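Q: sequence and computational prediction follow.
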Amino acid sequence: MKESNKIKTCIVCEKEKKEGLYLYTAFICHECEREMVETEPESPKYAEFVKKLSKIRKPPVFS
Ligand SMILES: [Zn+2]
């Protein structure tokens with residue numbers, strides 16, 4: 001009875017995965033997380049990741 005076995009949808013590849021991490025309200029699978037880390041910021045793929053991540057609603061910042 002593990003909570004972590006719940007299926008979640010990755011916002012990057014839009015596939016259903018059991019394991020990954022939460023970034024604010026979004027879920028990112030381990031595969032995409034690793035790919036993002038390995039992708040060069042100059043690469044067009046990186047811009048694609050950024051575009052997907054920009055959809056995430058960030059919590060309000062109190063300053
Ligand atoms: Zn993914």
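A: Received the coordinates, thanks.
Q: run through the bridge partners of the most centrally placed residue in the chain.
A: With distances taken as C-alpha atoms, centre = their mean, the residue of the chain nearest its centroid is I28 (2.9 Å). As for beta bridges, I28 partners with L21 under DSSP bridges.
Q: dump the residue contacts of it.
A: 10-12, 20-22, 36 (C-beta atoms under 8 Å, 6 or more residues apart in numbering). To be clear about C-beta, it is placed using only N, CA and C from the backbone, and glycine gets the same treatment.
Q: if we go to 10 Å?
A: By C-beta atoms under 10 Å, 6 or more residues apart in numbering, the contact list for I28 reads 8, 10-13, 17, 20-22, 35-36, 49, 52-53, 56.
Q: for it, give me the pLDDT.
A: Looking at I28, its pLDDT stands at 93.
Q: and what of the one 3 residues further on?
A: At E31, the predicted lDDT confidence score is 96.
Q: that one: neighbour count?
A: Neighbours of E31 under the rule other C-beta atoms under 10 Å: 15.
Q: run a quick neighbour tally on R34.
A: 10.
Q: what secondary structure does it sit in?
A: On the three-state scheme (DSSP: H, G, I helix; E, B strand; the rest coil), R34 is labelled helix.
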